[in-house]
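Engineer: Here you go, sequence then predicted model.
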Amino acid sequence: MAWLKVWIGAIFEVMWVIGLKHADDMWSWAGTAVAIFVSFYLLIMAGKELPVGTSYAVFVGLGTTGTILSEIILFGEPIQWMKILLIGILLVGVIGLKMVTKESERKGAEQ
C-alpha cells in the first residue's frame, strides 16, 4: 500500500509541475496548490512505512519520467531519442531501488 502512495503522489507531482508552467487563473493555481499538497502528503505517508531515501528517489524518478512524457504526449515536445534512453535508464534505477528494498528496511521505517 505504501508503494501505491508513492505512485499516486508521483502522478500528482506531474500535475503540479505542469500546473506551475501553465496555470494562468485563480482556479488553475488553486488546482496546482492542491496537487502540491496531495503529492507531498502521500510521499510523507509512504515515508512512514518505507525508507525515506528509497521512496523519495522512486517518487522523483517517476515524477521526472511522467513530466517528460507529458511534455511529449500532451504538449507536442519533439521526441529526442537520447531523452527516451535516459528515461529508460532512470526507470531501471527506480525499479531496481524498489526491488532491493528489503522487508527489514521497510519495517525499520515504521519505528
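Structural biologist: Ah, there it is. Residues are numbered from 1 along each chain as shown.
Engineer: Could you name the specific helix or strand carrying Ile73?
Structural biologist: Per DSSP states H and E, Ile73 falls inside helix 52-75.
Engineer: now for that helix, which elements pack on it?
Structural biologist: For helix 52-75, the elements it packs on are helix 2-22, helix 26-47, helix 81-100, judged by 3 or more Cβ pairs under 8 Å, 6 or more residues apart in numbering; DSSP states H and E. In short, each C-beta sits where N, CA and C put it, glycine included.
Engineer: Contacts for it, please.
Structural biologist: Outside helix 52-75, the residues within contact range by Cβ atoms under 8 Å, 6 or more residues apart in numbering are 2-3, 6-7, 9-11, 13-14, 17-18, 43, 46-47, 77-79, 83, 87, 90-91, 93-94, 97-98, 101, 105, 109.
Engineer: Can you flag the buried ones in those?
Structural biologist: Listed as buried from these are 2, 6, 9-10, 13-14, 17-18, 43, 46-47, 87, 90, 94, 97-98, 101, 109; burial here means 16 or more other Cβ atoms under 10 Å.
Engineer: Distance from the chain centre to stretch 39-54, please.
Structural biologist: Here stretch 39-54 is found 11 Å from its chain centre; the criterion is Cα atoms, centre = their mean, to the nearest Å.
Engineer: before we move on, what SS does Glu77 have?
Structural biologist: Secondary structure, DSSP: H, G, I helix; E, B strand; the rest coil: Glu77 is coil.
Engineer: Please name the residues that touch it.
Structural biologist: Glu71.
Engineer: low pLDDT regions in the chain?
Structural biologist: 103-111 (pLDDT under 70).
Engineer: quick one, what contacts Val38?
Structural biologist: Val38 sits next to Gly9, Phe12 when contact means Cβ under 8 Å, 6+ apart.
Engineer: typo on my end, Ser39
Structural biologist: Gly9, Ala10, Phe12, Glu13, Met15, Trp16.
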